[in-house]
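Undergrad: coords please:
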Amino acid sequence: MLLSIPRITWKAIRRYSTKTSLLQSTRISPTLEKKLERISEQHDSLLYQLSNNQLNPTDLATASKKLSDLTTTKSLFDDWRKCTQDLSDLQDLLAVQDQEDDMLELAKEEYEDIMSRIGVIEKDLIYELAPKDAADDASAILEIRSGAGGDEASLFSSDMARMYERFAQLKKWKWELLSKSEDVGGKGLKDITVNISGRNVFGLLKYESGVHRVQRVPATESQGRIHTSTITVAMLPQPTEVDVQIRDSDLKIDLYRASGAGGQHVNTTDSAVRMTHIPTGLVVSMQDERSQHKNKAKALKVLRAKIFELEREKTQSARRDSRNKQIGTGDRSEKIRTYNFPQNRVTDHRINLTVYELEHILSGDGLENIIEPLQEYYLSQSLLDE
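TA: From the prediction side, this is the model:
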């Protein structure tokens with residue numbers, strides 16, 4: 001949650017009422033509050049001008065759209081101010097020293113209710129104010145690759161793929177396998193590439209990119225020693241053909257015979273495709289399909305996503321560099337998260353978040369308990385860049 005609600009006794013409430021403000025854990029800083037006040041004043045001014053026909057006909061459409069854009073923020077800010085005023089009134093009530101215990105108990109309940117409402121409002125305000133990433137609504141291409149740790153890394157790659165697939169099912173997104181490479185035993189994955197289609201896929205999963213570390217005792221470990229393995233996750237927004245246009249002259253396409261499991265036909269025909277984008281040097285290989293044309297189509301989809309992400313990173317570099325002074329980039333070169341099985345612990349190192357529900361998270365059902373705090377923190381930080 002954006003705002004944690006302190007558990008308090010009636011003595012604690014009385015102490016708050018005499019020594020400090022009840023609203024001490026708000027995320028609305030004085031600077032942000034001033035910005036919200038300016039937005040509120042701008043909203044009221046536009047509303048007055050529109051209501052009293054003070055605008056030229058040529059300005060009406062622009063003003064109406066601007067008013068519509070500001071309305072939700074204005075409403076949320078009004079609710080926030082009302083809640084903070086309610087807290088102030090509660091503080092005045094508690095300042096009276098001869099309150100009965102039952103009155104203080106009611107005050108405690110009201111305090112917790114108001115703080116809970118403030119937490120929800122603040123979360124919504126940050127979502128409204130944060131700079132919008134045009135790629136957030138897009139579908140995404142997920143790549144998982146095993147890193148250090150041999151078989152254990154491959155097994156963990158498989159675990160992570162199941163986690164994301166289950167999360168996609170819960171969100172009613174479409175999961176389309178593009179390619180995968182299994183390890184020798186067939187239990188783990190060396191790498192897997194998936195297209196996840198749906199609304200706001202990239203917006204929810206973009207902070208999953210990076211190095212994920214697992215600490216656990218392998219089934220083959222007779223001494224009970226904990227092994228550490230890593231995998232890399234890349235989440236790429238899926239652009240349309242309009243977003244990224246690739247000329248045939250910019251492509252070098254090599255055909256070759258597929259290797260590994262896949263049946264006699266796959267391994268005896270030149271159906272595998274290696275596609276190189278000459279201007280950027282990006283390379284994508286695809287061999288899972290029997291059809292050369294299908295492998296080309298899949299390779300082009302992944303290549304288009306990689307080019308789009310490359311251009312997107314360039315345009316956002318200034319904002320990202322500012323934000324990275326406080327948090328990581330989230331790219332695949334950084335260790336972003338640790339999954340510790342003996343302690344049932346998952347730690348996200350970018351925001352120092354630790355939760356003790358590893359199985360719940362790896363099942364996909366609890367992944368949002370990690371994603372939401374990450375998303376809220378990154379959005380909060382983005383407000384500092386403006």
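Undergrad: avg pLDDT for the helix or strand that contains Val284?
TA: Element membership for Val284 (DSSP states H and E) is strand 282-286. Averaging pLDDT along strand 282-286 yields 87.
Undergrad: tell me which residues are up against it.
TA: Here strand 282-286 makes contact (CB atoms under 8 Å, 6 or more residues apart in numbering) with 178-179, 272-277, 295-296, 298-299, 302-303, 306-307, 310. (C-beta placed from N, C-alpha, C; glycine too.)
Undergrad: same check, this time on stretch 362-378
TA: 1-2, 123, 126, 159-160, 162-167, 169-170, 203-205, 207-208, 323, 327, 337, 339, 346, 348, 350-351, 353, 355, 357, 360-361.
Undergrad: show me how to select, in ChimeraX, the buried members of the residues you listed.
TA: In ChimeraX, this line selects whichever of the contacts of stretch 362-378 come out buried by 16 or more other CB atoms under 10 Å:
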select :2,123,126,159,160,163,164,165,166,167,203,204,205,207,208,323,327,337,339,346,348,350,351,355,361
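Undergrad: narrow the contacts of stretch 362-378 to those in strands?
TA: Arg337, Tyr339, Val346, Asp348, Leu353, Val355 (DSSP state E).
Undergrad: and the chain, what are its domain boundaries?
TA: 10-129, 140-238+330-384, 248-315 (automatic domain parsing).
Undergrad: from those, which stretch is densest packed?
TA: domain 140-238+330-384 (a mean of 18; mean count of other CB atoms under 10 Å).
Undergrad: what mean pLDDT would you report for it?
TA: pLDDT averaged over domain 140-238+330-384 gives 89.
Undergrad: skipping adjacent residues, who's closest to Asn344 in space?
TA: Leu358 (4.8 Å; CB to CB, 6 or more residues apart in numbering).
Undergrad: now the helices for this protein?
TA: 10-19, 30-51, 57-94, 101-129, 151-170, 201-205, 264-268, 292-315, 317-323, 358-362, 368-384 (DSSP state H).
Undergrad: out of those, nearest to Lys187?
TA: Closest approach to Lys187 among those (CB to CB): helix 151-170, 6.3 Å.
Undergrad: and the contacts of that closest one?
TA: Contacts of helix 151-170 (CB under 8 Å, 6+ apart): 142, 144-147, 149, 174-175, 182-183, 185, 187-192, 194, 196, 198, 201, 205, 208, 212, 214, 216, 218, 227, 229-231, 233, 339, 361-365, 367-368.
Undergrad: hmm, back to that, okay, now the sheet partners of the strand holding Val284, with direction.
TA: Using DSSP bridges, strand 282-286 pairs in its sheet with strand 272-277 (antiparallel).
Undergrad: coming back round to it: how near is the residue nearest to Asn344 to Tyr207?
TA: Note on Leu358: its distance to Tyr207, by CB to CB, to the nearest Å, is 19 Å.
Undergrad: cool, and Asp348?
TA: Asp348 is 9 Å from Tyr207, by CB to CB.
Undergrad: identify the residues contacting the closest residue to Thr230 other than its chain neighbours.
TA: Using CB to CB, 6+ apart and skipping the chain neighbours, the partner closest in space to Thr230 is Gly147 (4.0 Å). For Gly147, the contacting residues are Ala153, Val211, Ser229, Thr230, Ile231, Thr232, by CB under 8 Å, 6+ apart.
Undergrad: hang on, isn't the second one packed against Thr230?
TA: In this case it means Val211. Yes - assessed by CB atoms under 8 Å, Val211 is found in contact with Thr230 at 5.4 Å.
Undergrad: so what sits against both of the two?
TA: Contacts common to Val211 and Thr230, judged by CB under 8 Å, 6+ apart, are Gly147, Lys335.
Undergrad: got the helices of the chain as TSV, with distance to Ser285 columns?
TA: Putting the helices of the chain into TSV (distance: least, CB to CB, whole Å) gives the following:
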stretch	distance to Ser285
helix 10-19	62
helix 30-51	47
helix 57-94	45
helix 101-129	39
helix 151-170	18
helix 201-205	23
helix 264-268	14
helix 292-315	7
helix 317-323	28
helix 358-362	29
helix 368-384	30
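Undergrad: hey, least reliable of these by pLDDT?
TA: helix 10-19 (a mean of 45).
Undergrad: chain neighbours aside, what residue packs nearest to the residue nearest the centre of the chain?
TA: The residue lying closest to the centre of the chain (CA atoms, centre = their mean) is Leu204, at 3.9 Å. In space, and not counting its chain neighbours, Leu204 is closest to Ile371: 5.9 Å by CB to CB, 6+ apart.
Undergrad: any idea how far that neighbour lies from His349?
TA: 15 Å.
Undergrad: next one: Gly366
TA: Distance from Gly366 to His349, by CB to CB: 18 Å.
Undergrad: cool, Gly210 as well?
TA: 9 Å.
Undergrad: same question, Gly186
TA: For Gly186 relative to His349 (CB to CB), the value is 32 Å.
Undergrad: again with Asp159
TA: Taking CB to CB, one finds Asp159 at 19 Å from His349.
Undergrad: so what's Val273 up against?
TA: So Val273 contacts Ile253, Asp254, Leu255, Ser285, Met286, Gln287, Gln292, Asn295, Lys296, Ala299 (CB under 8 Å, 6+ apart).
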